[in-house]
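J.: got a predicted model here, sequence first, then my questions.
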Amino acid sequence: MNRPLFLSTALALTLVLLLAGCSGGVHPTTWTTLMLHNGTLYVADLEQVRALDAETGQQDWAFPDPPDLSRYGPFYTVALLNDELLLVTSYESSGGLFSARSRGVLRALALNGGRLVWPQPFIAGGEFVAPGAAGAGIFVIGNSDGNIYGLRIADGTLAWQYPTRGRVWATPLVISDTVYVASLDHHLYALDLQTGARRWQFRAGGAMADRPLPLDDTLYIGSFDRNLYALRRADGAEIWRFTGANWFWGTPASDGNRLYAADVDGNVYALDAATGQEIWRSQVAGTVRLGPALSPDGKRLLVASENGTLFGLDTADGFVLWQQAGQGQIGSMVIGGEKVYVTRINAPQRVQSFYVENGRPIWSYPPPQR
């Protein structure tokens, strides 16, 4: 089997194996995500999309209410457009027993109350694995059918689409009039935000499955060829590469001078952002898919393992200061001030909040039964 085909097959098998199981009667096929905005967490929680108070975990609203899996869902991703709109994706089936077709569905909800906003949902041929990103009236999102879609935010109609040669599992990065999107076809694409026309492309030695990190005029992105790349944002030219012990899946984090990245084996690296020189290396237990998250003061690096454990590392030397185990797989993670929030799949508590400093739990949703 040639290397590209092997990597694609292995990647698909990895997704299936990591996400096998069920939660609340829903069989998840990808990870759930959340967003934090103005003190509210917006969460794709399989059966519903929820708005939770970030301080207490109390639910403000849910869509649909009550859950209706025969019509909607399961819901997987949320993306904030502005102070008014939230875009949510689900994976839905249509047709009869022998003609059932599954497709990715994208809807716009009002932040205030969760009502439907677009006249019609946008439907794609495959699953939406990662959230999209917006800029200047256009929302861009990748799909497992291999296409990158640019939609008009006003009504959800298609403005353009760009075909790749692999599934697109990465969240786009929008900067000014350009959108940068990675594909499992080993390419990072720079496209015109308004038209979808290609400006440049960079080819790595393996698939790329997450958003690049921008820092000044440089983009940093990891690949399944075990390399972390620094690219010139203007034309995609390679500046340097760092080779780790295994695949780099998630987006790196940075304090402006250092890069922090984790490979799937749980090796965590601190690198000089300008040169790619290794500063320190640490390790956590379990498979790591998500990119690490950096605390606002730059002192803590949070790493989430697929075994359900959240780790807090000292950014000075990579020492593991604390770890907080939990049931289920961590689907996504976001830091807000002194707190970190995670979603979990195949767990009774599907959203949790912890203190960044010491990992102490704050609240869980739904609350544990007493």
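T.: Noted; the coordinates are in hand. Numbering: from 1, shown residues only.

J.: what separation is there between A285 and S305?
T.: Distance, A285 to S305, using Cβ to Cβ, to the nearest Å: 6 Å. Placement of C-beta: from N, CA and C, glycine included.

J.: over to R198?
T.: R198 is 36 Å from S305, where distance means Cβ to Cβ.

J.: more neighbours, these two?
T.: Ranked by neighbour count (other Cβ atoms under 10 Å), R198 and S305 place S305 first, with 21 against 12.

J.: which residue packs closest to the more buried one, ignoring adjacent ones?
T.: For S305, ignoring the flanking residues on the chain, the nearest one in space by Cβ to Cβ, 6 or more residues apart in numbering is G286 at 3.3 Å.

J.: that neighbour: what's it in contact with?
T.: G286 makes contacts with G266, S305, E306, N307, T309, as judged by Cβ atoms under 8 Å, 6 or more residues apart in numbering.

J.: let me see the backbone angles for it.
T.: Note on G286: its backbone torsions stand at phi 100, psi 170 [degrees, to the nearest 10].

J.: so for stretch 341-352, mean pLDDT?
T.: Averaging pLDDT along stretch 341-352 gives 94.

J.: should've said stretch 141-153
T.: Taken as a whole, stretch 141-153 has an average pLDDT of 97.

J.: and it, end to end?
T.: 12 Å (Cα to Cα, to the nearest Å).

J.: where do the strands sit along the stretch 101-250 of the chain?
T.: Assigned by DSSP state E, counting those that start in this stretch, the strands in the stretch 101-250 of the chain fall at 101-110, 122-124, 133-135, 138-142, 147-152, 158-163, 173-175, 178-182, 187-192, 198-203, 213-215, 218-222, 227-232, 238-243.

J.: reformat those as CSV; add distance to D297.
T.: Putting the strands of the stretch 101-250 of the chain into CSV (distance: least, Cβ to Cβ, whole Å) gives the following:
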stretch, distance to D297
strand 101-110, 34
strand 122-124, 40
strand 133-135, 27
strand 138-142, 32
strand 147-152, 36
strand 158-163, 39
strand 173-175, 25
strand 178-182, 28
strand 187-192, 31
strand 198-203, 33
strand 213-215, 18
strand 218-222, 22
strand 227-232, 24
strand 238-243, 25
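
J.: weakest of those strands by average pLDDT?
T.: The minimum mean pLDDT among these belongs to strand 101-110 (a mean of 91).

J.: just the CA atoms of that strand, as CSV, please.
T.: C-alpha atoms of strand 101-110 as CSV (Å, rounded to 0.1, in the frame of the first residue of the first chain):
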residue,chain,number,x,y,z
ARG,A,101,-28.5,9.1,2.9
SER,A,102,-26.5,10.9,5.5
ARG,A,103,-25.3,14.4,5.0
GLY,A,104,-23.8,17.3,6.9
VAL,A,105,-26.3,20.1,7.8
LEU,A,106,-25.4,23.6,8.7
ARG,A,107,-27.9,26.0,10.4
ALA,A,108,-27.7,29.5,11.8
LEU,A,109,-29.2,30.1,15.3
ALA,A,110,-29.8,33.4,17.1
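
J.: what's the angle from that strand to strand 138-142?
T.: Taking axes from the mean of the first three to the mean of the last three Cα atoms, to 10 degrees, strand 101-110 and strand 138-142 form an angle of 150 degrees between their directions.

J.: so what touches strand 101-110?
T.: Outside strand 101-110, the residues that touch it by Cβ under 8 Å, 6+ apart are 49, 63, 81, 84-95, 115-118, 121-128, 132, 141, 143-145, 151, 153, 156.
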